[in-house]
Every structure is written in structure tokens, then in C-alpha cells.
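J.: only geometry, no sequence info:
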């Protein structure tokens, strides 16, 4: 997923440094939404958020390897 705030450049030019809390609140809200839906934030690019879903889960992969190892040992 790629999000980008429409009109952000114009807004930032109007607000100057006062745009920082606005951007911070947006990025926090967007990040929380991604994380709450089990997404992975790839990067922030200015006012944009790049995220994706379905990233490998290391803990889940480690459990699967342990289970396969147990299954092999019990069948031997």
C-alpha cells in the first residue's frame, strides 16, 4: 500500500514549520492503522507511507521448522 497526502506540498508551503505536528499526527495515525491490521511498514517518504502485508513471520517459520524436525525424528 502506498499513501500520499493530496495537496501536502501546498499545505506545507502555507504552514511552514507548523506543518510538523500535522505530519506527525498523520504518520502516527497511518502507522497505527497498518500495524493494527498486521501490516509491515516498509518506509516513510515525506508525507507518504509504504506498507505491505504477508511478510514472513520469523517466529512462525521457526515453529514450523521445529515441528518438521520433531515429525522427522518421531517417524524415524
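T.: Happy to help now that I have it. The structure displayed is predicted, hence computed values, not measured ones.
J.: Against residue 38, how distant is residue 8?
T.: Per CB to CB, to the nearest Å, residue 8 is found 27 Å from residue 38. In short, each C-beta sits where N, CA and C put it, glycine included.
J.: neighbour count winner among those two?
T.: Set side by side, residue 8 and residue 38 give different neighbour counts by other CB atoms under 10 Å, the larger being at residue 8 (16 against 10).
J.: What is the neighbour count of the closest residue to the more buried one other than its chain neighbours?
T.: Nearest non-adjacent residue to residue 8, counting by CB to CB, 6 or more residues apart in numbering: residue 47, 4.3 Å away. The number of residues packed around residue 47, counting by other CB under 10 Å, is 20.
J.: Residue 47 is in contact with residue 2, isn't it?
T.: No. With contact taken as CB atoms under 8 Å, residue 47 and residue 2 are classed as non-touching, separated by 11.4 Å.
J.: so what sits against both of the two?
T.: Listed contacts common to residue 47 and residue 2 are nil; contacts here mean CB atoms under 8 Å, 6 or more residues apart in numbering.
J.: Thanks again, I'm all set now.
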